[in-house]
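Asks: Whatever this is, show me its structure:
(one chain, ligands or ions: 1)
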Amino acid sequence: MRLLVIEDDKRLAEQLKNALGEAGYAVDQAFDGEEGHFLGDTEPYDAIVLDLGLPKMDGVSVLKQWRKDGRTIPVLILTARDAWSEKVAGFDAGADDYLAKPFHMQELLARLRALIRRSAGQASPLLECGPLAFDTSSGTCTLNGRDIPLTAHESRIIGYLLHHRGKIVSRTELTEHVYAQDFDRDSNTIEVFIGRLRKKLGEGLIRTHRGQGYRLAEPDEPA
Ligand code: CA
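Replies: Down below sits the predicted model:
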């Protein structure tokens, strides 16, 4: 899962990047509204954290423009404390959720998980596929009830496939959702991660569709 954080307060931006990175997300950052708008317009994020008070282009305008252009990506806005009118303006512009500053990082993480889940049509925090279960709140993965330790990249890949169950996900799409923009991306490494996941989770779980991508096998699907 890959996020965009648009926040001009350098200190808060740094804290957000660190906390979200530790929680396993690939994180891109923008420090003003114009850059943020551009990135949200061109890169496929799983969710966006948008501060409303931004230089060059304010957050509400950024959000309005995305929505006008048909971008449906979940957006959580950060508002000033007690500024109820900002919240109203934010929701009217198309925000999905908000947090007033100062906030607890744990609450931000929980709200983002819920947003990402909902946007993928998943109501439960536990994503399951046959013997595989992935707990989005703790980031733990189990196979037949047994803990399977995963690296950050492996978690992002299996998490993305589970959020998009039943769909063939291309290598390009996976690349775009597991790496931050400044990361040296190489879509061949996706194959390496898939190979490692198959070693850990069994060969049959992740199916390859030649020339198209990967898909999680349904529990009742023949091997
Ligand atoms: Ca600000």
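Asks: so which residue of this protein comes closest to the ion?
Replies: When scored by CB to the ion, the chain has Gly53 as its residue closest to the ion, at 3.7 Å. C-beta here means a position set from N, CA and C on the backbone, and glycine is covered the same way.
Asks: Quickly note the distance from that residue to Arg67.
Replies: 19 Å (CB to CB, to the nearest Å).
Asks: and what of Gly24?
Replies: Gly24 is 28 Å from Arg67, by CB to CB.
Asks: Over to Arg118?
Replies: 17 Å.
Asks: go on, Ala13?
Replies: Distance from Ala13 to Arg67, by CB to CB: 24 Å.
Asks: swap in Ala123?
Replies: Taken as CB to CB, the span from Ala123 to Arg67 is 24 Å.
Asks: Settle it for me: which of the two has more neighbours?
Replies: Arg67 (15 against 7; other CB atoms under 10 Å).
Asks: Quick check: nearest residue in space to the more buried one, chain neighbours excluded?
Replies: Gly94 (3.7 Å; CB to CB, 6 or more residues apart in numbering).
Asks: Next: Trp66.
Replies: Closest to Trp66 by CB to CB, 6+ apart is Gly40, at 5.7 Å.
Asks: So that neighbour is in contact with Val49, correct?
Replies: No. Using CB atoms under 8 Å, Gly40 makes no contact with Val49, being 10.8 Å away.
Asks: Centre of the chain to stretch 134-148, how far?
Replies: With CA atoms, centre = their mean, to the nearest Å as the basis, stretch 134-148 stands 18 Å off its chain's centre.
Asks: Run through who's touching it.
Replies: 23-24, 110, 113, 116-117, 125-128, 131-133, 149-150, 155, 158-159, 162, 200-202 (CB atoms under 8 Å, 6 or more residues apart in numbering).
Asks: Can you give the domain ranges for this structure?
Replies: Using automatic domain parsing, the domain parsing of the chain gives 2-119, 126-216.
Asks: how about these in CSV, adding mean pLDDT?
Replies: Formatted as CSV, those follow (pLDDT from 0 to 100):
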stretch, mean pLDDT
domain 2-119, 96
domain 126-216, 92
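Asks: what's the most buried one of those domains?
Replies: domain 2-119 (a mean of 18; mean count of other CB atoms under 10 Å).
Asks: Report the beta-bridge partners for the closest residue to Val169 other than its chain neighbours.
Replies: Among residues not flanking Val169 along the chain, Gly213 sits closest, at 5.0 Å (CB to CB, 6+ apart). Taking DSSP bridges, one obtains His209 as the residues bridged to Gly213.
Asks: how long is stretch 136-147 end to end?
Replies: 14 Å (CA to CA, to the nearest Å).
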